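I need the structure of the sequence given here:
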Amino acid sequence: MIDIIYGIECHLPNAPQLKDIDGSNLPTKKQKFIRIEIPDSFYEVEVDEDDVPSYNEEQIEFIKREFARCREGYWFMSNGFPIFITGDHYFYLNYWTLESGIFPDYRDADRKWFLFYEEISKDKNILGVIRVKKRREGATSQASCILTKEASNTENTRCGIISKTGGDASDLFANMVVYGFRAMPMFLQPRTDGTEDPKKRLILVKQSKRKKTNKGLFNKREGLNSFIEWRNTALNSFDSGRWSRLLIDEASKFPTEVPITEYWNIVKKTLTEGANKVGFALMVSTVNPPNNGGQEFKNLWDDSNQFRSGRITPSKLVRYFAPASEGLAGFIDEYGMSMKEEAKEFILANYRNNDQDTRDYPLNEEEAFKFNQADCHFNLDNILLQEMNLKEKPIPLRRGRFYIDGEDKIQFADDSAGYWLIYKFPIKANNFEFRGNVMYPRNTGEYGFGIDPFRHSMTSGEGSQGSAWIGEKVDTTKESSGAPVAHFFGRPKMKKLFWKEMLMASMYYGVPATIESDAGDDYYEYFKSDNDFKRNCLPMLGKKPDAVVDPQRKTKVNVMQRGVSSADAFALSKQLEYCINYVEHYSHLINYPDLLDELKRYDHSNRTKFDRTVSFMIMLLTLTGQTKSQAILKKKTPLIETFSPNQFSGY
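All right, here's what the predicted structure looks like:
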């Protein structure tokens, strides 16, 4: 039998004869899942001096039957229909105690999840599942149960737990894993190392005994030799060794220094040995705002799409989602079936009208990842629309590098390791000129160029990236003008190599480069004379844009001032203002998915991690003209200042 659940063909065993299915002898309306009752005799079991229980023949038969059901699954009748649940689901319903002290109820929504898990956990090409959930869905309890059952039944099983913080992982371990394990009946509970209240690790192995032999003393390790432990939230948690099961809880809420995409790329290596799969990860979470982990999680979700890639996805994960109307407490009938329409009405009426975040109770995938406008500085709907447009119809971008030919001209070469992504090449390349020993750009009316450099001259390891954008100036006579056309993102080994890249791009597009000047002034000497051309290239540096000249300041503006300073509060506010305006009117021209991604997460109060956006903002300042500041200051400031609703129109 095959049941297709969330895009995956799940294989079920063939149904036994009707007489062998539990509940078949009951009237149809009385057929439902009934939790097993443990015989009273198990409450008076004799144990030896090592606490090993002694079971009678009747008890042994019961134990054998229950072990078989927990391993192979279970059939029962429900309202006239034969229903199969997996062994893990059977164990969860009958022998797992929730942190609230009660047993779980049977829900058909949970049946689908456990069938899905059973199928994918056995697939050699799938290393885990990324599960988006509603609040109080029980996903973490189910994952905790799966880890505990696996460690309790299989030798040499290593299970790990990590959450959004170490404290959360510790609470999960104590209140779900250890609590659930201690509540299991004796015949299902394996021996431990004797620790009554483990804080960090639950070790499922009998205490070591010292035995004497002719060769001397040795320790004999008995039992399963399995364990479950939690660790603090860090990139190196569970990054080595072999892991049988990993529970990655609240993966959308990981701290910014532990992005979930980077963490997964590290930890997934511990789930394989060579070409062989040895473990499986359960990643569960509600979705956080984009700048607090939500976008990283969304990126991993997108790379785990079995509907697009089949079972072999780029991330080696598959994804799982159930609408909030399925399995919602209070809207489940006596047979465990979801009352979907009633639940949907309740969600819409009660949660959405009380400012409840849509992501807490999503009715579809889109709602699960619907970031609120309050989470974003810019028009989020415009960004999401353009992201969708690019997914449906991707725009080709050419990756490559610039180089100097034998005639001191700049050429472009395709290179998969290049730092540049080009959307449009200049209509007239190398439109610059020399006047004596000085180089001048000649496309200043066509393009703008903004740069956010990194600070240190020599680079090693991780750090901020150098980023730059070249964009077309808006021409109201051209429908598609105003687009970013070239993007640099990377960190060359030497700062001088970075400035060489910037100068070559400036020459190729014939446009002056405006620099975020807070990262030092080493660029000045490079452009002045310390470059490959041994020429004065200072005119290829953009001066302070008019847009960031505060007309209220009485201090005379230095017309030779280069670049933009983020320490200038007026300049900083103008950068955000221009970017808000651009996204409002021209977001459909952004053909760079990474920029759209970063715009959703951008935090203007803490912008050091948003190199793409900072350089993009500086570029936008240059799209409205270059250095008329002296003339502006000489003009009389009007009594009432006026603003255009679109700052880019008319340029």
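
secondary structure class for Ile347?
Reducing the assignment at Ile347 to three states with DSSP: H, G, I helix; E, B strand; the rest coil gives helix.

where's it relative to Ala324, distance?
Distance, Ile347 to Ala324, by Cβ to Cβ, to the nearest Å: 6 Å. Placement of C-beta: from N, CA and C, glycine included.

how far out from the middle of the chain is the helix of greatest length in the chain?
Counting by DSSP state H, the longest helix found in the chain is helix 569-586. Relative to its parent chain, helix 569-586 has a centroid offset of 27 Å by Cα atoms, centre = their mean, to the nearest Å.

And for stretch 196-209?
The answer for stretch 196-209 is 34 Å, by Cα atoms, centre = their mean.

Stretch 423-436 now?
Using Cα atoms, centre = their mean, the offset of stretch 423-436 from its chain centre is 40 Å.

what do you get for stretch 45-57?
50 Å.

How about stretch 536-551?
In this view, stretch 536-551 has its centroid 39 Å away from the chain centroid, taken as Cα atoms, centre = their mean.

what pLDDT, on average, does it get?
With pLDDT averaged residue by residue, stretch 536-551 scores 87.

Spell out, range by range, the strands that occur in the stretch 1-150 of the chain.
Along the stretch 1-150 of the chain, counting by DSSP state E, counting those that start in this stretch, strands occupy 2-5, 8-11, 46-47, 53-54, 74-78, 81-85, 128-132.

May I have the fifth one exported as CSV, CA atoms only?
If I follow you right, that is strand 74-78. Extracted in CSV, the C-alpha atoms of strand 74-78 (Å, rounded to 0.1, in the frame of the first residue of the first chain):
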residue,chain,number,x,y,z
TYR,A,74,-0.3,-1.6,14.6
TRP,A,75,-3.7,-1.9,12.9
PHE,A,76,-7.0,-0.9,14.5
MET,A,77,-10.5,-0.1,13.3
SER,A,78,-11.8,3.5,13.4
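
elements contacting it?
Here strand 74-78 touches strand 81-85, going by 3 or more Cβ pairs under 8 Å, 6 or more residues apart in numbering; DSSP states H and E.

and the angle for the strand it packs on with strand 74-78?
For strand 81-85 against strand 74-78, the angle by axes from the mean of the first three to the mean of the last three Cα atoms, to 10 degrees is 150 degrees.

Please write out the alpha-carbon positions of strand 81-85 in CSV.
Output of strand 81-85 as CSV, limited to C-alpha atoms (Å, rounded to 0.1, in the frame of the first residue of the first chain):
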residue,chain,number,x,y,z
PHE,A,81,-12.0,2.0,8.5
PRO,A,82,-8.8,0.0,9.1
ILE,A,83,-6.0,2.3,10.3
PHE,A,84,-2.3,1.6,10.4
ILE,A,85,0.1,3.5,12.7
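
neighbouring strands for that strand, and are they parallel or not?
strand 74-78 (antiparallel) (DSSP bridges).

Run through who's touching the strand it pairs with.
Here strand 74-78 makes contact (Cβ atoms under 8 Å, 6 or more residues apart in numbering) with 15-16, 20-24, 26, 31-34, 82-85, 87, 90, 335-336.

domains in this structure, as residue ranges please.
Domains of the chain are assigned by automatic domain parsing as 2-375, 398-633.

Could I get the ones you listed in TSV, plus columns for mean neighbour count?
Below are those laid out as TSV (neighbours: other Cβ atoms under 10 Å):
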stretch	mean neighbour count
domain 2-375	17
domain 398-633	18
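
Pick out the shakiest of the ones you listed, pLDDT-wise.
Mean pLDDT values for those show the minimum at domain 398-633, a mean of 86.

now that one, how far from the chain's geometric center?
Domain 398-633 sits 30 Å away from the centroid of its parent chain (Cα atoms, centre = their mean).

Use 43 as the first number for this chain going forward.
Shifting the count to begin at 43 puts that one at domain 440-675.

sorry, back to before: and the strands of the stretch 43-192 of the chain as JSON lines, adding distance to Glu626?
Shown next, in JSON lines, are the strands of the stretch 43-192 of the chain (distance: least, Cβ to Cβ, whole Å):
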{"stretch": "strand 44-47", "distance to Glu626": "42"}
{"stretch": "strand 50-53", "distance to Glu626": "41"}
{"stretch": "strand 88-89", "distance to Glu626": "74"}
{"stretch": "strand 95-96", "distance to Glu626": "71"}
{"stretch": "strand 116-120", "distance to Glu626": "54"}
{"stretch": "strand 123-127", "distance to Glu626": "52"}
{"stretch": "strand 170-174", "distance to Glu626": "30"}
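
Please report the distance of Tyr461 from Glu558.
17 Å.

How about Asp92?
Using Cβ to Cβ, we find Asp92 at a distance of 71 Å from Glu558.

With Ser523 instead?
Counting by Cβ to Cβ, the gap between Ser523 and Glu558 amounts to 25 Å.

isn't Ile660 right up against Ala555?
No - Ile660 lies out of contact with Ala555 (Cβ atoms under 8 Å); the separation is 9.6 Å.

Spit out the residues that contact those two alike.
In terms of Cβ under 8 Å, 6+ apart, Ile660 and Ala555 are both contacted by the residues 492-493.
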